[in-house]
Structure formats: C-alpha cells, structure tokens
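Engineer: take a look and give me a structure for this.
(2 chains)
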Amino acid sequence: MIDFLQQLGKNTRTSFTKLGRGSFFLLQTISGILSVLPRPRLLLNQMYSIGVLSFLIITISGLFVGMVLGLQGYYVLSDFGAEETLGVMVAASLVRELGPVVSALLFAGRAGSALTAEIGLMKATEQLSGMEMMAVDPIKRIISPRFLAGFLSMPLLAALFSAIGVIGGQMVGSGLLGVDEGAYWSQMQANMDFRDDILNGVIKSIVFGFVSSWIALFEGYDAIPTSEGVSRATTRTVVNSAFSILGLDFILTVFMFGDN
Amino acid sequence: MDNSVTSQNSLVSVQSLSFSRGNKKIFDDISLEFERGKITAIMGPSGTGKTTLLKLIGGQLFPEQGSVTVDGNNVHRLRRSDLYNLRKRMGMLFQSGALLTDMSVFDNVAFPLREHTHLPESMIRTLVLMKLQAVGLRGARKLMPNELSGGMARRIALARAIALDPMMIMYDEPFTGQDPISKGALVHLIKSLNVTLGLTSIIVSHDVQETAAIADYIYVISEGKVVGQGTPKEIEQSESDWVQQFMTGAADGPVHFHYPAKDYVDDLLSTGNRY
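Structural biologist: Numbering: from 1, shown residues only, chains lettered A, B, ... in the order given. As a prediction, this is how the structure comes out:
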C-alpha cells in the first residue's frame, strides 16, 4: 500500500514537472516565432515537409471516409425516405467532427511522429547542442518554424480532408446508390451554416494543430538522447496526441454544440 | 598550492569548480588555467567528465560551485545575449562532429556565417571555400554528412568551428575512433590551425600519444581531481602511479581492472536472486 502511494506520488510529480517543462518550452517556442517571421524560407521548408508531404494520406483517407459515410448514411436515411439529405449528413459529419478529428489523428501519426523522431535524433547526435555552441538558439532556429508550420498546416489539411470526403460521399451517394445529385448539393448548401458548422470545425482543427505540434516537438526535445529514448518519445507523441485530440474534441463539442 | 592566482596570460580559467550529476561528484573543487595561444590538453579515462568540462566552459551546464572565466567574462554570470556573443568567439568540435544532417557540407560550414553575419552569398562562398581548403576538403563540398567518413566529418566540423574566426577551439575527443591516417591529419590540423590562426586550443582526450605530441601543457584528471599536470615531458616523467598507469595503459593499478563488487567466491556460491 505504502509502495503504491509512493509510486503514485512519484508519478504525479514526474507528470507535473514534465508539464512545467512543457509549458516553459511552449512559451519559448511561441516567443521564438517572432524571429521566424523575417525568414519565410524556414517556414516554407517546414510547411512543405509537414503539410505538403501529408497531402497523400489526408486525401486518400478523406476519400474513403467520405465514401463510407455516403454508404452508411444512405442506408440509415433511406429507411426514413430521407436519402435526399445525404449531402447534409455527410458534410455535417465531416466538417464538424471527422474532418478535424481524423485529420488531426493522421497528422499526429504522419507528421507528429516524424517531428519527434527528427528532433530527438538531432538531440542524440548533438546537433542541438552544437547549434547552441555556435550561438544559434535551437528553439528559434529549429523548433519555432516547425511549430508554426504545424499550426498553420493543420486547418488546411482538415479542410482538404472534409472537401475530399464530401466528394467521396457524392461519388458513392449519387454515382452508386442513385441519390439525386442536385439534391445532394442543394440540401447541403441550404442546411450547412458557416458559423455553426464550418467555423467551429476550423476552430477545432486550429486547437488540434496547436496541441499536436506542441506535443510532437516537446517530446522530441525532451527525449532521452538514445535510440530507445527516441523510440519511446515517438510512441508517446502518437499516444498523447491521440488522447489530447479526442479529449479536447469532446470538450470543444460540448461548448460549441452543447446548448442547442 | 594556491590556485586563486589567475595567470595574466590565461584566456580560460576554471576556478574551484564543483559539479555533480545525481549523487556522483564529477568535479570536486578543480582549478585549471588555459593559456592564450597554447594547446592545453585535459586527459583522463572515459567517464571522468571531460566532455562535461567543455560544456561547463561553454556555459551549457551550470556548476554547483566555482567559476569559469573566458576572456575576462564569468561565463555563468553573463546575460543570455552576452553569452551568445561570447560563444561566437568560441569554437567547439564535438566528438560526433554534430554536423546538421539535412544540409550539404558547404551549407554546414556556411551555417554560422549565414546565421550571424549579413554577408552577401558570394562572400560566404569565398569564406567557406577558404575554410574547407584549410582542412583539405574543398572538393567534398557537395557531399551530404551521411556520405562522409568519421574523419572527414570531424574535419568538416572543424572547418565550421573556425568559420567565424574564433579566439579559441575546444576539441572533444578529436582522435577517438579514427584510423591512423585521419588521426595524423587531425593532429597536424590542430597544431597548424593553432599557429596560423593564433588560436587557443583546449583538447579533451584519452589518446595519450597524439595528444602528448601537440599539447603544450597537460592536465590529467581522475575522479574529479587533477592528479597530474605539466608539460608532456614532465607528465611522462611523473612519479604519480596514477599518471603512470594512464600514460602506459596498464590494466591494473590505482585504477582497478574490476568494477567494485563483493568477493568473487562468495558471489559464485551465493544462491537466491538472479543478480
């Protein structure tokens, strides 16, 4: 029992110290963004490797999620004779929930893990230390551009995911199952609200981008500089990002849609 | 011995420095002087915190006690921006080279110039080629770090360390894991750069012969203390058992061959725990 309590106390303390280090790291990273702005090249390179290289996985996943939504939605809606509203159902699910959440999970798996491994290895091979000794602040030079790139890429990727998903739903819905194409689009147009649906979805993806970039970069920066340490850090990035994304999604949804 | 008197001529002076990692005392009230224009070596077995010492001098770690003065500045009292300005004048060669793996050799050497100066690209090109010429690797400028051998990586890192024309360079185990030819090249380079660029060099190493061949002064440290110091000749003739064991590489001596353990026979006969 004493052992258990001792362990609990130790774990709690470790978590809180880590949270403290992480917050401090976040502050430094955000203040480092100012020095990224005059050097857009640094940002563009990172936007490419974080954002552009995630295009394929986001596009393909978006397409399949949209197609499945089209199928499943059709079977449910056709029971009520409401298959004309398939477009609304697909679009609302994607823009409000699946777009931000699934693309954030994919982002954590694709770009987040890569960021952690990259930073962790840079630490293990003394590149970060070497930079410090060359009087270059690794936070400003390495971390901040990546953070900003992740933060900016996430909403764009989520929007891409939703857009492709809507097309996928339409392909299945009207191509395969015979929903009227005009109805699919016009119902969607009539029933989707900019503020309630789209803006809330964008806010979600901004929050997820912020959190998963932060987790990925911090885990890399805080990794134990050995191969085992980096591998653990990479795992933690994916697990912690997934938990944070899903948990925050619930909280944000309660605030956004809870009162109607 | 009075260590508090700082020689007028020292560029770096370490005074009564103590540093621990966890419960292990790495340095215990250690004092060292590094003279301007000289090559000073710090020798000792692996795990005696030689790299830690360089990190303390570079201000990457903080001592528990004592001070480190570099060119009249107390490193650990400086404001961050002043420390960074001081570091621009301190080169450091890491054991692994610490080259940035996503850049070519050329860009690696250009890195400090691009970060700290506003020189036009044509000027940077000239400077980079000059530095690469000095280490004999001008022809390797297009290679990526993963295409370099260990010795080449270290020479590139050396070119990068001298890119900003520092006043001093710290070498962390420059000879470890090098073949005889690379070792020879590095020995020659360290010596010649020290003379031609008027550098002050600090070498941390456990390669006795190479280091003794170029060092002007040697400190031998063990378990956080200086156990011997002097010119290479004096060290060679030292009467300290410890220094003798280190210089000749005897397997047993003041530094035991066996890691501390309980009695061998008892250990073999005891049953119970796996360990």
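
Engineer: so residue A:205 sits against residue A:154, correct?
Structural biologist: Yes. Because the distance of 5.2 Å satisfies C-beta atoms under 8 Å, residue A:205 is recorded as touching residue A:154. C-beta coordinates here come from the backbone N, C-alpha and C atoms, glycine included.

Engineer: which residues touch the residue in chain B that chain A sits nearest to?
Structural biologist: As assessed by C-beta to the nearest C-beta, chain A sits closest to residue B:98 within chain B, at 3.3 Å. Residue B:98 makes contacts with A:125-127, A:129-130, B:157, as judged by C-beta atoms under 8 Å, 6 or more residues apart in numbering or on different chains.

Engineer: top of the residues you listed by neighbour count?
Structural biologist: Neighbour count (other C-beta atoms under 10 Å in any protein chain shown) singles out residue B:157 as the most crowded of the contacts of residue B:98, with 26 neighbours.

Engineer: what secondary structure does that residue sit in?
Structural biologist: With DSSP: H, G, I helix; E, B strand; the rest coil as the basis, residue B:157 sits in helix.

Engineer: identify the residue nearest it in space, chain neighbours excluded?
Structural biologist: In space, and not counting its chain neighbours, residue B:157 is closest to residue B:97: 4.0 Å by C-beta to C-beta, 6 or more residues apart in numbering or on different chains.

Engineer: now residue A:221
Structural biologist: Nearest non-adjacent residue to residue A:221 (C-beta to C-beta, 6+ apart): residue A:119, at 5.5 Å.

Engineer: in which helix or strand does the one you found reside?
Structural biologist: Residue A:119 belongs to helix A:113-124 when assigned by DSSP states H and E.

Engineer: repeat for residue B:19
Structural biologist: strand B:10-21.

Engineer: that strand - contacts with which helices or strands?
Structural biologist: Using 3 or more C-beta pairs under 8 Å, 6 or more residues apart in numbering or on different chains; DSSP states H and E, the elements in contact with strand B:10-21 are strand B:24-35, helix B:50-57, strand B:65-70, strand B:200-205.

Engineer: buried deepest among the ones you listed, which one?
Structural biologist: Highest mean neighbour count of the helices and strands packed on strand B:10-21: strand B:200-205, a mean of 24 (counted as mean count of other C-beta atoms under 10 Å in any protein chain shown).

Engineer: list the neighbouring strands of that strand plus their orientation.
Structural biologist: Looking at strand B:200-205 with DSSP bridges, its partner strands are strand B:39-43 (parallel), strand B:168-172 (parallel).

Engineer: would you turn these into a markdown table with mean pLDDT and mean neighbour count?
Structural biologist: Shown next, in a markdown table, are these (pLDDT from 0 to 100; neighbours: other C-beta atoms under 10 Å in any protein chain shown):
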| stretch | mean pLDDT | mean neighbour count |
| --- | --- | --- |
| strand B:39-43 | 91 | 25 |
| strand B:168-172 | 91 | 24 |
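
Engineer: residues touching the residue in the stretch 51-200 of chain A that chain B sits nearest to, list them.
Structural biologist: Relative to chain B, the nearest point of the stretch 51-200 of chain A is residue A:130 (3.3 Å; C-beta to the nearest C-beta). Residues near residue A:130 by C-beta under 8 Å, 6+ apart: B:92, B:94, B:98-100, B:157.

Engineer: next one: residue A:102
Structural biologist: Contacts for residue A:102 were tallied using C-beta under 8 Å, 6+ apart; they are A:61, A:65, A:161.

Engineer: excluding chain neighbours, give the residue nearest to residue A:240 in space.
Structural biologist: residue A:215 (5.2 Å).

Engineer: in the helix or strand bottoming out on mean pLDDT in chain B, what's buried?
Structural biologist: Lowest on mean pLDDT, DSSP states H and E among the helices and strands of chain B sits helix B:241-248, with a mean of 79. Across helix B:241-248, burial judged by 16 or more other C-beta atoms under 10 Å in any protein chain shown covers B:242-247.

Engineer: also stretch B:137-146?
Structural biologist: Here stretch B:137-146 shows B:137-138, B:140-141, B:143, B:145 as buried, counting by 16+ other C-beta under 10 Å.

Engineer: which one of those is nearest to residue B:24?
Structural biologist: Taking C-beta to C-beta as the measure, residue B:24 lies nearest residue B:145 of the buried residues of stretch B:137-146, at 33.3 Å.
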